[in-house]
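Student: Got a sequence here, can you model it:
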Amino acid sequence: MHINTGVAVAIYFILWWLSLLIVLPWGAHSQNESGEVTPGTDPGAPSIHRVKIKLIWATVIATVLFAILCAVYAAGLIPPDVIAAINGPHY
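Tutor: Model prediction:
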């Protein structure tokens, strides 16, 4: 089966953002929990952000999910009539 590149990029982009939203709270500790509240900031703000590692995890998770979806689609495990029903007009 042929996979449209534009659609594949859009699906990966959506998976990546969803993965990022899932990963963001991992290991988050507020300044109040750590006991080191910086003056002028909210006590609920994270004490350590670790954004780079979270971006890496989001990329890994999205890539694995995308690979699984591509394999399922390429193997024909999703019948074409189901895809047509999803993409078809809804009245």
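Student: The residue in the chain sticking out farthest from the centre: which element?
Tutor: Distance to the chain centre peaks in the chain at Pro39, reaching 33.4 Å (criterion: Cα atoms, centre = their mean). Applying DSSP states H and E as the criterion places Pro39 outside every helix and strand.
Student: Return the alpha-carbon coordinates of the strand or helix carrying Asp81 using CSV.
Tutor: Secondary structure assigned from DSSP H and E places Asp81 in helix 80-87. Taking C-alpha atoms only, helix 80-87 is exported to CSV below (Å, rounded to 0.1, in the frame of the first residue of the first chain):
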residue,chain,number,x,y,z
PRO,A,80,-9.7,-0.1,3.1
ASP,A,81,-13.4,0.3,3.8
VAL,A,82,-12.6,1.3,7.4
ILE,A,83,-10.2,3.9,6.1
ALA,A,84,-12.8,5.1,3.6
ALA,A,85,-15.4,5.3,6.3
ILE,A,86,-13.1,7.5,8.4
ASN,A,87,-12.1,9.7,5.5
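Student: If you count neighbours, what's buried in that helix?
Tutor: Buried residues in helix 80-87, defined by neighbour count with 16 or more other Cβ atoms under 10 Å: none. Every C-beta, even on glycine, is put in place using the N, C-alpha and C of the backbone.
Student: Could you list the residues in contact with it?
Tutor: Residues outside helix 80-87 that contact it (Cβ atoms under 8 Å, 6 or more residues apart in numbering): none.
Student: Relative to Ile48, how far out is the residue farthest from the centre of the chain?
Tutor: Using Cβ to Cβ, to the nearest Å, Pro39 is found at 18 Å from Ile48.
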